[in-house]
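A.B. asks: Okay, predicted coordinates and the sequence, questions at the end:
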Amino acid sequence: MARQNVNAARRKPEVSELLTLHVLRTERISTGFVRVTLGGGDVERFRPMGYDQWFRLFIPVADAASLSRLPNKLDTLAYLRYLAIAKTQRPVLRNYTVRAYRPEGPQGPEVDVDFVVHGSVADGTSGPAASWAQTCAPGDAVAILDEGITFPAGATHEDVLLVADETGLPAVAGILASLDPGTRGLAVVEIAHDDDRQDLTGPAGVEVRWVVREDPHAVAGPLALAAVEAAPVPAGPVTAWVVGEQALVAATRRHWVGAGVPKGDVVFCGYWKAAKVHAAA
């Protein structure tokens, strides 16, 4: 099964260019999330689109000067050129979602980015982006390349179904904040810790249902899938959207299609894939 079909609904930004931004501040907002607020630099050229707007994030591993070698787009040829940069100089590349945008912050426009944190920076079990989010300081530079939105904003139905694990929480927040006030539906979000719940702004007719894993180290997805399977699917047209761990995405899509949702009305993307656990011989 394909890992995603987001290109079918994707709306790209009018202009996509590499922007250099700087860390304004960081905040540990819950056990599982660190929020990094970016601004300064080229932020005036950033164009917010709402919904699940995402971007390529480039984090320098050497010095900020290495960001100047990055491409203004990331097609196949540009990506190969990126890979040709020596590992000691090549910025880390990850995909992230705009959690919030404020046009008038104390120092100008601001972009909030929420990072899921796990493992330990001290012993090296935290990923490079999560480690950076926990150790970066005001003034540190990064580069972003806007990639637009994948939620079908121009063709949504009155009913929506949204499903994500914690990696998709920022995208769910952006979608809810962008939906028409009369939208109805359900958003299921699975999180690792009870305090990872966030106050989300959205239509009154869209219920947000949080499911919390008893074991924060367990693989994400089974609880969210159970909540999806227990919830009724609207009888009429519905825009269905699911992101997160690949198995959750595949099973949720299969359930919706089996319940009668046309395949073309399901937007799905596997953000990540859990490692397989092999039984002892």
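C.D. replies: Sure thing, it's come through.

A.B. asks: Now stretch 204-217: buried residues?
C.D. replies: G205, V206, V208, R209, W210, V211, R213, P216 (16 or more other CB atoms under 10 Å). The C-beta positions use only the backbone N, C-alpha and C, and glycine is treated the same way.

A.B. asks: how near is the nearest residue to the first one once chain neighbours are set aside to H157?
C.D. replies: Among residues not flanking G205 along the chain, R184 sits closest, at 3.9 Å (CB to CB, 6 or more residues apart in numbering). Between R184 and H157 the computed distance is 9 Å (CB to CB, to the nearest Å).

A.B. asks: how about the helix or strand hosting G148 as CSV, C-alpha atoms only?
C.D. replies: Assigned by DSSP states H and E, G148 falls within strand 141-148. The C-alpha trace of strand 141-148 is given here as CSV (Å, rounded to 0.1, in the frame of the first residue of the first chain):
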residue,chain,number,x,y,z
ALA,A,141,19.8,30.0,12.6
VAL,A,142,17.8,27.4,10.6
ALA,A,143,16.4,27.4,7.0
ILE,A,144,13.0,26.4,5.9
LEU,A,145,11.5,25.6,2.5
ASP,A,146,7.7,26.0,2.4
GLU,A,147,5.8,23.0,0.8
GLY,A,148,2.2,24.2,1.2
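
A.B. asks: which residues are in contact with it?
C.D. replies: 10-13, 16-23, 38, 41, 46-47, 49, 53-60, 64, 67, 70, 72-74, 91, 95 (CB atoms under 8 Å, 6 or more residues apart in numbering).

A.B. asks: The helix or strand just after it pairs with which strands?
C.D. replies: Next along the chain after strand 141-148, taking DSSP H and E as the criterion, comes strand 159-164. Strand 159-164 has the following strand partners under DSSP bridges: strand 184-191 (parallel), strand 238-245 (parallel).

A.B. asks: Which of these has the highest mean neighbour count?
C.D. replies: strand 238-245 (a mean of 26; mean count of other CB atoms under 10 Å).

A.B. asks: contact partners of that strand?
C.D. replies: 52, 151-152, 155-157, 159-168, 171, 175, 185, 190, 219-221, 224, 248-249, 252-253, 256, 261, 265-274.

A.B. asks: next structured bit after that strand?
C.D. replies: In the C-terminal direction, the helix or strand that comes right after strand 238-245 (DSSP H and E) is helix 246-258.

A.B. asks: Okay, angle between that following helix and strand 184-191 too, please.
C.D. replies: On the basis of axes from the mean of the first three to the mean of the last three CA atoms, to 10 degrees, helix 246-258 is oriented at 160 degrees to strand 184-191.
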